[in-house]
Structure formats: C-alpha cells, structure tokens
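# Need coordinates for the following:
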Amino acid sequence: MNLEPILTAIHDWSVSDAIRQSEYAFPALESIHVFAITTVVGFISIVDLRLLGVPAHTRNVKSLLGQLLPVVWGAFALAAVSGGLMFASNATGYAKNFDFQAKMLLMLLAFCNMVVFHFMGQRRIAEWVAVGPTPAIAKFSGGLSLLLWIGVVGFGRWIGFTLAPF
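Modelled structure (predicted):
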C-alpha cells in the first residue's frame with residue numbers, strides 16, 4: 001500500500017503549513033506533548049509498579065485504576081492531538097523515520113497489553129485484591145507495560161535527534 005499520497009495530503013493541510021511557518025507553534029506543541037506523555041507514563045507507571053507488587057502506598061490496584069485512568073485518558077488525548085499536529089507538520093518525514101515507527105509500534109503493543117489485561121485480569125480484580133499477592137499474569141502485564149512505555153519515551157525522545165522538525 002502506497003501511503004505517500006496520504007502523507008503528502010496531510011503535509012499540505014493548512015494547519016500543517018501554519019505549524020511550519022510559525023516560530024512558536026512546533027515548540028509549543030512539543031511542550032504540550034511532553035507534559036501530556038509524562039503524565040500518561042507517570043500515572044501508568046504507578047499502576048504498573050503496584051501490579052508488580054511495589055507497595056508504595058495502601059491503595060489497592062482497583063482503587064488506583066479508578067482514580068488514575070480518567071486522568072491518563074485525558075492526558076493521552078492531549079498527547080495524541082499535540083503529537084498528531086506535530087506529525088502533520090512533516091508527515092512524510094515522520095512516517096519514514098525508524099524511531100517514529102518504533103514508537104508507534106510500542107504504543108500499539110502497550111495498547112494490546114492493556115486490552116488483554118482489562119479483559120483477562122481486571123475482570124477478576126476484586127478476587128485477587130482481596131486474596132493477597134498479585135497474580136503472575138497481572139505482574140507480567142504490569143512489567144510489560146512498564147517496559148513498553150519506557151521504550152515509547154525513549155524512541156520518542158530519539159526522534160528529536162534523528163529528524164529535523166520540517
């Protein structure tokens with residue numbers, strides 16, 4: 001499948017051009033993106049560490065998920081919008097960049113891990129929270145999530161070293 005026409009069309013959007021022409025738009029979007037992704041990864045890490053059995057506080061995983069997930073989803077939406085706008089400013093360049101591709105793949109894998117956890121592990125969360133130690137599947141999911149999000153941040157940061165903004 002040839003994505004070049006789609007990427008060129010995105011590159012030619014008026015908002016993409018406005019970002020490229022503005023002295024402040026890209027740095028502002030990047031700052032918003034970094035703030036949002038830091039919030040996402042920070043809060044997810046709290047849950048992941050709890051799943052791994054790190055007892056940093058007395059709240060159980062179910063309580064943490066209830067409190068943190070709305071903030072995580074809001075911050076993720078902000079990261080997606082700001083990241084999407086940065087992508088639009090140089091769609092053809094980003095699409096060809098290995099670090100960008102790796103970041104997107106790791107985010108997809110993190111999403112898949114979350115879906116599997118929610119359908120397999122979280123349905124019985126009340127049972128295993130009351131019983132005691134975190135089950136192996138939940139620990140695996142938490143550890144995998146932590147590694148994937150560290151990779152997302154690492155590759156995301158590396159994009160700045162391997163791709164000029166425009």
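
# Now for I159, how many residues are close by?
If you count neighbours by other C-beta atoms under 10 Å, I159 ends up with 19. In this view, the C-beta of every residue, glycine as well, is placed from N, C-alpha and C.

# where does it land on pLDDT?
I159 is assigned 94 on the pLDDT scale.

# which strands and helices sit next to the strand or helix carrying it?
Element membership for I159 (DSSP states H and E) is helix 136-162. With contacts defined as 3 or more C-beta pairs under 8 Å, 6 or more residues apart in numbering; DSSP states H and E, the packing partners of helix 136-162 are helix 25-51, helix 98-116.

# now V61, nearest residue through space, not along the chain?
The shortest distance from V61 to any non-neighbouring residue, by C-beta to C-beta, 6 or more residues apart in numbering, is to R50 (5.3 Å).

# if we can go back for a sec, what residues sit buried inside the helix holding I159?
If you call a residue buried by 16 or more other C-beta atoms under 10 Å, then helix 136-162 has these buried ones: 138-142, 144-146, 148-149, 151-153, 155-156, 158-159.

# can you check stretch 107-121 too?
For stretch 107-121, a neighbour-count test (16+ other C-beta under 10 Å) marks 107, 109-110, 113-114, 117, 121 as buried.

# what does stretch 47-56 give?
Along stretch 47-56, these residues count as buried under the neighbour rule (16+ other C-beta under 10 Å): 47-52.

# who wins for proximity to W13 among the helices and strands packed on helix 136-162?
When those are ranked by proximity to W13, the top entry is helix 25-51, at 13.1 Å, counting by C-beta to C-beta.

# angle of the helix or strand hosting S16 against helix 25-51?
Counting by DSSP H and E, the element that carries S16 is helix 14-21. When axes from the mean of the first three to the mean of the last three C-alpha atoms, to 10 degrees is applied, the directions of helix 14-21 and helix 25-51 differ by 100 degrees.

# who's in contact with helix 14-21?
By C-beta atoms under 8 Å, 6 or more residues apart in numbering, the residues outside helix 14-21 that reach it are 10, 25-26, 29, 85-86, 88-91, 166.

# got the buried residues for stretch 22-34?
In terms of neighbour count (16+ other C-beta under 10 Å), stretch 22-34 has its buried residues at 25-26, 29-30, 32-33.

# Buried subset of the contacts of helix 14-21, written for ChimeraX?
Typed into ChimeraX, the next command selects the buried ones out of those (criterion: 16+ other C-beta under 10 Å):
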select :10,25,26,29,85,86,88,89,90,91
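
# Sitting in helices, which of the contacts of helix 14-21 do you find?
Restricting these to those inside helices, with DSSP state H as the criterion, leaves 10, 25-26, 29, 85-86, 88-89, 91.
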